[in-house]
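A.B. asks: Okay, sequence plus prediction incoming.
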Amino acid sequence: MRVVSAVIFLCMCVLLFLVYQAVVQELGIHSANLRFAEAKENVKRKEDEIVSIKMKIQDLNGDLMPLNKQHEEISKKVEEVKQATEDAKKSLETCNKQKEDSTKKKSEVFEVIKKMKESQEAEQKKFQDEIQGLKQQILERDKKLCTFLDPQYEEGKKLCDATNA
């Protein structure tokens, strides 16, 4: 009987050991299921976050489209303004060059006019001197004539009276 009780005892010990192992495995499986469910929930949350972030990105891209168009338009306007500025600078340079040329021509014309006035004044003085000389010669001739004219003659009187006066 001792052997039977020892075998029963051993069977009970093995049975208890197997029950213990089954309980441990069940607890392990239960905790693994909990971790799996938690991980599954975390993955679902992360997927939802990713979807919401993608939606926000699409909304932002939608908002950026008009801004990109405005940026392109502004860039075109800036280029047009730059081109207009360059054209204006070229036009200004051309105008300044024409102004310089006109100023040079104007100063040359004024120099020519000044020289012409000076030569005209010199000629006018020369002619005045000649006229004065001729007048003097005419007066002297008239005086000489008056000495030879008869004072009784009417035209001779007028000539001599005008010469003496």
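C.D. replies: Ah, there it is.
A.B. asks: Looking at the helix or strand hosting residue 45 now, give me its mean pLDDT.
C.D. replies: Per DSSP states H and E, residue 45 falls inside helix 2-148. On average, the pLDDT along helix 2-148 is 92.
A.B. asks: packing partners for that helix?
C.D. replies: helix 154-164 (3 or more CB pairs under 8 Å, 6 or more residues apart in numbering; DSSP states H and E). Heads up, the C-betas are built off the backbone N, CA and C, glycines and all.
A.B. asks: number of nearby residues for residue 117?
C.D. replies: Other residues lying near residue 117 total 11 when counted by other CB atoms under 10 Å.
A.B. asks: same thing with residue 145?
C.D. replies: 13.
A.B. asks: Centroid-nearest residue for this structure?
C.D. replies: Residue closest to the average C-alpha location in the chain (CA atoms, centre = their mean): residue 82, at 4.6 Å.
A.B. asks: Can you tell me how far that one is from residue 128?
C.D. replies: Using CB to CB, to the nearest Å, residue 82 is found at 67 Å from residue 128.
A.B. asks: Then residue 28?
C.D. replies: 141 Å.
A.B. asks: And for residue 146?
C.D. replies: Taking CB to CB as the criterion, residue 146 is separated from residue 128 by 26 Å.
A.B. asks: between these two, which one's more packed in?
C.D. replies: Taking neighbours as other CB under 10 Å, residue 146 and residue 128 compare with residue 146 leading, 17 against 10.
A.B. asks: Need the nearest residue in space to the more buried one, chain neighbours excluded.
C.D. replies: Using CB to CB, 6 or more residues apart in numbering and skipping the chain neighbours, the partner closest in space to residue 146 is residue 160 (4.0 Å).
A.B. asks: what pLDDT does that neighbour get?
C.D. replies: For residue 160, the model assigns a pLDDT of 71.
A.B. asks: Having no further points to raise, I will conclude here.
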